[in-house]
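Colleague: Turn this into a structure:
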Amino acid sequence: MKVGLQGWLGTVLGIVAALSCSGTSPRVWAEAPAKAVSAFDNYAGRVEARLAQQHRSATDFLAKVGTGGKTDEQLRRGEVVIEKLTPDKGEVPGGLLHDWRGTAFVKGARAEDFERLMKNFTGYPRTYSPQVVRAEVVAPRGEPVPDHFTSEMRVKQKHMITVVLDSTYDVRYGRRNPGYGWSISRSTKISEIEDAGTAKERVLPANKDHGYLWRLNTYWSYEERDGGLYMQLESISLTRGIPTGLGWMIGPFVESVPRESLEFTLEKTRKALER
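Modeller: Reported below is the predicted structural model:
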């Protein structure tokens, strides 16, 4: 789910923006460089090929988490397990690539419950409060929501600064059988909103964007087993890079806040399914 990750990106790059405005970094505005986008697309292709192979497996539908029974026990106790998959430092020409995966378990839940929750976009502001301001399926409209659709979402984050992003996603669902499913959500447009909710609200053009989030793909895999539902979420994203000399300040966020963000997403989903 893209909500928690955007929270992390707002935190990390909000610091960058604040320092940029104070003169620490000479470049405030950013537009996604073609080489960075190409690197992201190539990486996403490899992730999707790995997931496709994983979903065809009779025994490894979900990626292995941790070592043996200890991790399974943690999950069944309601804990969320977060793993960093970002290669090296995640540096690409002109940007940063981020890859994180989280796994959770919901006792008594079923795949159909998960799909019903995730396709209920109008309920996102309640389920994923306070970060999601609004969400909807824009095409095709009507009920039931199909397995291939376009959605839009507005997310608001408050950290050192307030960041509002409007995003459009192409979303697809697939199943191996009723107890095993997956979804792929690819961003097709992400816009930063200035003065959101006021008479001055406007969409910043690409060359005036701060680079909080240029691309975001999320991949859910879910499997009924052990009397409940295992959920696995992998999110890959592309943001502007960290200005030279600021790694000592921003680096810790890259390591700690993504864990908290994925934990938020999975915890909110888990609690909603429990209800």
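Colleague: Would you mark the buried spots in stretch 118-134?
Modeller: Across stretch 118-134, burial judged by 16 or more other C-beta atoms under 10 Å covers 118-119, 121, 124-125, 127-128, 131-133. Every residue, glycine included, has its C-beta placed from N, CA and C.
Colleague: Just the ones of those in strands?
Modeller: Among the buried residues of stretch 118-134, the ones falling in strands (DSSP state E) are 132-133.
Colleague: Redo the buried residues of stretch 118-134 as JSON lines? Include distance to Arg175 and pLDDT.
Modeller: Below are the buried residues of stretch 118-134 laid out as JSON lines (distance: C-beta to C-beta, whole Å; pLDDT from 0 to 100):
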{"residue": "Met118", "distance to Arg175": "13", "pLDDT": "96"}
{"residue": "Lys119", "distance to Arg175": "13", "pLDDT": "96"}
{"residue": "Phe121", "distance to Arg175": "20", "pLDDT": "95"}
{"residue": "Tyr124", "distance to Arg175": "22", "pLDDT": "96"}
{"residue": "Pro125", "distance to Arg175": "28", "pLDDT": "95"}
{"residue": "Thr127", "distance to Arg175": "22", "pLDDT": "95"}
{"residue": "Tyr128", "distance to Arg175": "24", "pLDDT": "91"}
{"residue": "Gln131", "distance to Arg175": "28", "pLDDT": "84"}
{"residue": "Val132", "distance to Arg175": "26", "pLDDT": "90"}
{"residue": "Val133", "distance to Arg175": "31", "pLDDT": "93"}
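Colleague: Now render the buried residues of stretch 118-134 as a markdown table, adding distance to Arg101.
Modeller: Shown next, in a markdown table, are those (distance: C-beta to C-beta, whole Å):
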| residue | distance to Arg101 |
| --- | --- |
| Met118 | 17 |
| Lys119 | 22 |
| Phe121 | 23 |
| Tyr124 | 22 |
| Pro125 | 26 |
| Thr127 | 21 |
| Tyr128 | 19 |
| Gln131 | 20 |
| Val132 | 21 |
| Val133 | 26 |
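Colleague: Out of the buried residues of stretch 118-134, which comes closest to Thr239?
Modeller: Thr239 has its nearest neighbour among the buried residues of stretch 118-134 in Gln131, at 17.0 Å by C-beta to C-beta.
Colleague: where do the strands sit along the stretch 101-250 of the chain?
Modeller: 132-139, 148-158, 162-177, 180-194, 202-203, 215-225, 228-239 (DSSP state E, counting those that start in this stretch).
Colleague: tell me the most buried of those?
Modeller: Scoring the strands of the stretch 101-250 of the chain by mean neighbour count under mean count of other C-beta atoms under 10 Å gives strand 228-239 as the most buried, with a mean of 24.
Colleague: Looking at the residue nearest to Ala111 when sequence neighbours are not counted now. What's its pLDDT?
Modeller: Once flanking residues are discounted, Ala111 sits nearest to Gly181: 5.0 Å by C-beta to C-beta, 6 or more residues apart in numbering. The model reports Gly181 with a pLDDT of 97.
Colleague: Hmm, Gly181 is touching Arg110, no?
Modeller: No - judged on C-beta atoms under 8 Å, Gly181 makes no contact with Arg110 at a distance of 10.3 Å.
Colleague: ok, how many other residues are close to the nearest residue to Arg225 once chain neighbours are set aside?
Modeller: In space, and not counting its chain neighbours, Arg225 is closest to Gly179: 7.9 Å by C-beta to C-beta, 6+ apart. Per other C-beta atoms under 10 Å, the neighbour tally for Gly179 reads 15.
Colleague: what are the ranges of the helices in this structure?
Modeller: Remark: helices assigned in the chain by DSSP state H are 2-21, 34-56, 68-76, 111-119, 124-127, 247-274.
Colleague: Those helices: lowest mean pLDDT?
Modeller: helix 2-21 (a mean of 48).
Colleague: who touches Arg76 in this structure?
Modeller: Taking C-beta atoms under 8 Å, 6 or more residues apart in numbering as the criterion, Arg76 is in contact with 105, 107, 226, 228.
Colleague: ok, the third one - contacts?
Modeller: Looking back up the chat, that one is Asp226. Asp226 is in contact with 72, 76, 105, counting by C-beta under 8 Å, 6+ apart.
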